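> coords please:
(2 chains)
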Protein chains: 2
Amino acid sequence: MNHMDYMRRAIELAQEAVTSGDVPVGCVIVKDGKIVGEGYNRREACGDATAHAEVEAIRAACKTLGSWRLHECTMYVTLEPCPMCAGAIINSRIHTLRYGAKDEKAGACTSVLNLFEEQFNHKPRIYQGLMEKECETLLQSFFQGLRKKT
Amino acid sequence: MNHMDYMRRAIELAQEAVTSGDVPVGCVIVKDGKIVGEGYNRREACGDATAHAEVEAIRAACKTLGSWRLHECTMYVTLEPCPMCAGAIINSRIHTLRYGAKDEKAGACTSVLNLFEEQFNHKPRIYQGLMEKECETLLQSFFQGLRKKT
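Next up, the predicted model:
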């Protein structure tokens, strides 16, 4: 599997979120070529403000690997992480972050600010723009659907 | 119960963390005078990078209230929240944050930076210094204990 395969899986996961009316964001965490954690946004589904795709995937990966340290892992996520999720990436020591679409309103990895440039004790590598168009379309379709309903 | 009573409960919770070798941080969330969520740091205990006291308490409060929106809630936490936890406070719309000790290395509510001054869609009120001395002592005793062991 290559970068695009992992992001395709993240997009698939994001689509799961839509059934509960959640904003479609999906995430996978990969170590040594294997997916060790997956998640999608379940804020509405679970009534839990912390149930973002990235936090769900980090919790799953920690469980799979039996450790809170995700040193050699890469995260693939369809949308730029918010401050909570960027902070969770720092806390879990994820090595590399690859995200698709930018989040101009809440992104904490370049858009509103870049948490990884601050003086915290871990700085992951970041790559933006993997399958950006597909990730943007996913969100645009969701919000267009919402507008039609109202 | 008053502010100090809630912080005393947070300190009690923090002490629970020590048994698993976790840094002692405790947190309670209060609505209309009642505790609706509690948590303490269980990173080591659960092997979960996201299991900070504040995230645990937010998840518990969301469950109690049946909503991810904690609009009218006050969080009491013994230590200044890190970026993940400050982000979770933004995401859950917590009204007021009262914390004890500063965290010069990882604090995201004034020390390293202040996430609540950035252009995100929620800004809680913050009060620092409630039972600061007791909260600091809690951490100092823990780290002194660790140094004796090594």
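
> pLDDT (mean, whole number) over the longest helix along chain A?
Identified as the longest helix of chain A according to DSSP state H is helix A:132-149. Averaging pLDDT along helix A:132-149 yields 92.

> That helix and chain B in contact?
No. Using C-beta under 8 Å from any C-beta of the partner chain, helix A:132-149 never reaches chain B; the gap is at least 15.8 Å. Every C-beta, even on glycine, is put in place using the N, C-alpha and C of the backbone.

> Other residues contacting that helix?
A:7, A:11, A:14-15, A:18, A:23-24, A:78-79, A:99-102 (C-beta atoms under 8 Å, 6 or more residues apart in numbering or on different chains).

> do stretch A:110-118 as well
With contact meaning C-beta under 8 Å, 6+ apart, stretch A:110-118 is reached by A:80, A:83, A:86-87, A:90, A:102-106, A:108-109, A:123-124, A:126, A:128, B:83, B:112-113, B:118-120.

> Quote the end-to-end distance of that stretch.
12 Å (C-alpha to C-alpha, to the nearest Å).

> Go through that stretch and flag the buried ones.
By neighbour count on 16 or more other C-beta atoms under 10 Å in any protein chain shown, the buried set for stretch A:110-118 is A:110-113, A:115-116, A:118.

> Is it correct that A:Asp103 is in contact with A:Leu79?
Yes. With contact defined as C-beta atoms under 8 Å, A:Asp103 reaches A:Leu79; the gap is 5.4 Å.

> Same drill for these two, tell me which one is more crowded.
A:Leu79 (28 against 18; other C-beta atoms under 10 Å in any protein chain shown).

> Check the gap between that one and A:Glu56 for me.
A:Leu79 is 14 Å from A:Glu56, where distance means C-beta to C-beta, to the nearest Å.

> For B:Ile58, see how far away A:Arg93 is.
Counting by C-beta to C-beta - A:Arg93 and B:Ile58 are separated by 22 Å.
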